[in-house]
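[1] Here is the input, now give the coordinates:
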Amino acid sequence: LNAISRILLLLRSSSSSHSSTFSKLYLHGLNNNNNPTTATTMLPSSDTTSTTNCPLLSSVFLTALRFTTSLIELNLSSTDLGGDVGIERIANNSLRYNSSIQILNLSNTQMGDKGFIALLRSLFPATNSISSKNKNSSTIRELSLAYNRFHNVGLHELTMILSTTLSLEVLDLGRVVLYDDTTTASVLQRLMYSIQQNQSLKELYCTPSFLIPSSNTTTTTI
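    Alright, predicted model coming up:
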């Protein structure tokens, strides 16, 4: 708690002081009792609505993160944020309004579709309108989402993002877990097309992902 208090002081100072040089915040593995060397231990179950006492979800921290103007890189990888509930809270209360963060790492945070969609819509506001004139409104250049689990709904939202954003340069989807159903192939095909058409993306990390078998199907690896 003392460490979080010091972080809050730094964030607050960066919100009010133009001379602050506090630009990077690494909180990898905070509040996570799992073995940090085994990333798969944090993969979410089908229910990603768990809760957590993570201090990063306090209103004080979320407010500080919302208004900081010097923070460029935020790493919350392998941090127990409570699954989708926590991700949605951070996205809707802080990241939606932050205008300084350019590099964001939320790998291995038990993120599912609900959190994924809330995150994307907060970081890339042009998603909801392909014809939007604010395609450059996002500041995010690098986004790491490895070791999370998404369904077709989340992947469809990502497809929309890649059709509009002109800011994203690096996307890490390494070891993202997908569900195996009849629409997966078509969604992935549209996603690949969006990646090919995107004008800003320079680096894409997508190591073989597991396809979680639906009922009466066999396990497949791509």
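[2] wait, doesn't residue 187 sit right on residue 159?
    Yes - counting by CB atoms under 8 Å, residue 187 touches residue 159, with 7.4 Å between them. Yep, even glycine has a C-beta here, placed from its N, CA and C like the rest.
[3] can you give me the helices for this protein?
    Remark: helices assigned in the chain by DSSP state H are 2-16, 59-67, 84-90, 113-123, 152-164, 184-197.
[4] want to throw the ones you listed into CSV with mean neighbour count?
    Listed next are the helices of the chain as CSV, based on neighbours: other CB atoms under 10 Å:
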stretch, mean neighbour count
helix 2-16, 15
helix 59-67, 17
helix 84-90, 23
helix 113-123, 22
helix 152-164, 20
helix 184-197, 14
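[5] quick one: low-confidence parts of the protein?
    Low-confidence segments of the chain (pLDDT under 70): 1-21, 31-52, 126-136, 180-182, 208-222.
[6] Run a quick neighbour tally on residue 141.
    Neighbours of residue 141 under the rule other CB atoms under 10 Å: 17.
[7] That should have said residue 112, apologies.
    23.
[8] pretty sure it contacts residue 148?
    Yes - taking contacts as CB under 8 Å, residue 112 lies within contact range of residue 148: 7.4 Å.
[9] re earlier: can I get the helices of the chain in JSON lines with distance to residue 29?
    Below are the helices of the chain laid out as JSON lines (distance: least, CB to CB, whole Å):
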{"stretch": "helix 2-16", "distance to residue 29": "13"}
{"stretch": "helix 59-67", "distance to residue 29": "17"}
{"stretch": "helix 84-90", "distance to residue 29": "15"}
{"stretch": "helix 113-123", "distance to residue 29": "18"}
{"stretch": "helix 152-164", "distance to residue 29": "24"}
{"stretch": "helix 184-197", "distance to residue 29": "30"}
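[10] so which of those gets nearest residue 141?
    Minimum separation from residue 141 across those (CB to CB) falls at helix 113-123, 10.8 Å.
[11] what about residue 111, distance to residue 184?
    Residue 111 is 18 Å from residue 184, where distance means CB to CB, to the nearest Å.
[12] Can you check which of the helices of the chain gets nearest to residue 97?
    When the helices of the chain are ranked by proximity to residue 97 (CB to CB), helix 59-67 comes first, at 4.9 Å.
[13] Can you name every helix or strand that that closest one contacts?
    helix 2-16, helix 84-90 (3 or more CB pairs under 8 Å, 6 or more residues apart in numbering; DSSP states H and E).
[14] Can you spell out which helices and strands pack onto the last one?
    Spelled out, that is helix 84-90. So helix 84-90, by 3+ CB pairs under 8 Å, 6+ apart, packs with helix 59-67, helix 113-123.
[15] burial count for residue 151?
    Count around residue 151 with other CB under 10 Å applied: 19.
[16] wait, doesn't it sit right on residue 115?
    No - at 11.9 Å, residue 151 does not count as touching residue 115 under the criterion of CB under 8 Å.
[17] In PDB, list the C-alpha atoms belonging to stretch 186-197.
    Listed next in PDB are the C-alpha coordinates belonging to stretch 186-197 (Å, rounded to 0.1, in the frame of the first residue of the first chain):
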ATOM      1  CA  SER A 186     -14.700 -16.200 -40.900                       C
ATOM      2  CA  VAL A 187     -14.000 -13.800 -38.100                       C
ATOM      3  CA  LEU A 188     -10.200 -14.600 -38.400                       C
ATOM      4  CA  GLN A 189     -10.400 -14.100 -42.100                       C
ATOM      5  CA  ARG A 190     -11.900 -10.600 -41.700                       C
ATOM      6  CA  LEU A 191      -9.300  -9.800 -39.100                       C
ATOM      7  CA  MET A 192      -6.500 -10.800 -41.300                       C
ATOM      8  CA  TYR A 193      -7.900  -8.600 -44.100                       C
ATOM      9  CA  SER A 194      -8.100  -5.600 -41.700                       C
ATOM     10  CA  ILE A 195      -4.500  -6.200 -40.700                       C
ATOM     11  CA  GLN A 196      -3.400  -6.200 -44.400                       C
ATOM     12  CA  GLN A 197      -5.400  -3.000 -45.100                       C
END
